[in-house]
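> Next input, structure requested:
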Amino acid sequence: MKKQNIIFILLILFIIGCNNITGQSVYDVQEYKIGAILPLTGDIAFIGLEMQRGIEIAVEEVNFRGGVNGKPINIIFEDDGFVEANKAVTASQKLINFDNVYGNIITMVEDTKPVAPIHDQAKIPLITLWDVTDDLRDYSSTFSIGFYTEKAGEKMANFAYNNLGLRNVAIIGHHDEWSLTISKAFDEEFTRLGGKIVFEDRLNVDEVDYRNSILKAKEKNIDGIYAPLLPPASANFFRQKFQLNLNGIIMSGDALTPDVWEISPEGVEGTYFTNVYETTNTKAIELKEKYKLKYREDPLAFPLVQMGYDSVLVYAEALKNTNTPAEVIENLHSINNLEVSGPSITFDSDGMVDREEKIYQIQNGIDILIQE
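Coordinates of the predicted model:
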């Protein structure tokens, strides 16, 4: 056994022993520690950094008002790179076993699923920021304040068939949890309505050459492509689609982020996609102004800021009159119509919220709302 492992085990035994001697819980502290596992480096670091900024603004607000139960909230940030499962697992174990957090925050379904069983076993709550999927309902300690992935796929399928008049569609996606989930929902709904998926291809998330997939789709006489691809590699798809003069309507999901527009403005022009943007409620307006004041620039992707911000407000509510993470889980299930910067939050019995995305189209480089 390595020396580092021996030290690690002895340290855990020492902490447990001290707690048993004093009779005090490791959660009997002067602050509420919350972990935030975000992609702070790598190709999608801008996603994690925007969420981090939203979290930081909310923590400042809560602590300025006296914290929760007279105690401040302290966020411990951990980096899982490009949403890497092994890094997320390591970070989660560290936050639970050493930092003694009351709960954790995590980005999306890709990094939630590997760590959700760990939280179930430890009875530590986990809040997912971006995704709501049916798969996450299997975990008793996992909550989500995001937007319904399956419903986004179904909504785009309905729009494609009934509004755009599409009948023969190709799907080009990534080997990725979100891309697979939303593609399946689109496929099933589009087929149910009477449309046909005439070609489907799936590539690695870091793929740079989509030309073969695009040409194969063109051979099938398609009238549209559903392309739920992750950034930033997805910019290559849009650029190559434009270079190959692909006719037909392109549709995507909420991973079509502004950085992709900047890389391939001609390629994304005209694309329909599901997403959710800032509301005009007071908290959203105030949050955007606080962001500009604190960071001296406009948000790159304000919905991501809102997700981070709202998660802290949810924990602040759930931490009231609690002493253990298990009590936090109970309180989370009781949250009903909590006012946040976006749509108010009410958790169902599985810890999910029922938020639906809207349909937008990129017109002259601007996202235009097409359907609520």
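
> ok, now which ones touch G153?
Listed by CB atoms under 8 Å, 6 or more residues apart in numbering, the contact partners of G153 are T181, I182, S183, K184, A185, F186, D187, E189, P228, G253. Every C-beta, even on glycine, is put in place using the N, C-alpha and C of the backbone.

> what bits of the chain have low per-residue confidence?
1-28, 277-278 (pLDDT under 70).

> Distance check, the most centrally placed residue in the chain against Q306.
A centroid search over the chain (CA atoms, centre = their mean) returns W130, at 2.2 Å, as the residue closest to the centre. Separation of W130 from Q306 (CB to CB, to the nearest Å): 11 Å.

> circling back to that earlier point, now, among the contacts of G153, which is nearest to A58?
Closest approach to A58 among those (CB to CB): G253, at 26.3 Å.

> For the closest one, which non-adjacent residue is spatially closest?
Computed as CB to CB, 6 or more residues apart in numbering, the closest residue to G253 that is not its neighbour in sequence is P228, at 4.2 Å.

> Would you mind giving the domain segments of this structure?
Residue ranges for the domains of the chain, per automatic domain parsing: 1-30, 32-148+280-333, 150-277+358-371.

> so can I have CSV of the contacts of G153 showing neighbour count?
Formatted as CSV, the contacts of G153 follow (neighbours: other CB atoms under 10 Å):
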residue, neighbour count
T181, 21
I182, 30
S183, 23
K184, 15
A185, 23
F186, 29
D187, 18
E189, 20
P228, 30
G253, 26
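
> can you give me the helices in the stretch 1-150 of the chain?
For the stretch 1-150 of the chain, the helices defined by DSSP state H, counting those that start in this stretch occupy 3-22, 45-64, 85-97, 109-122, 149-158.

> Please name every helix or strand in contact with the fourth one.
Here helix 109-122 is seen to pack against helix 85-97, strand 103-106, strand 126-128, strand 142-144, helix 177-193 when contacts are counted using 3 or more CB pairs under 8 Å, 6 or more residues apart in numbering; DSSP states H and E.

> what comes up buried for the fourth one?
Of the residues in strand 142-144, those buried under the neighbour-count criterion (16 or more other CB atoms under 10 Å) are T142, F143, S144.

> In TSV, list these along with distance to G165.
Supplementary listing: the buried residues of strand 142-144 in TSV, determined by distance: CB to CB, whole Å:
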residue	distance to G165
T142	39
F143	39
S144	34
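
> List just the nearest of those to N247.
Among the buried residues of strand 142-144, S144 lies closest to N247 (CB to CB), at 37.8 Å.

> State the distance from the closest one to P232.
Taking CB to CB, one finds S144 at 25 Å from P232.

> quick one on the thing from earlier: which of the helices of the stretch 1-150 of the chain sits most buried?
helix 149-158 (a mean of 23; mean count of other CB atoms under 10 Å).
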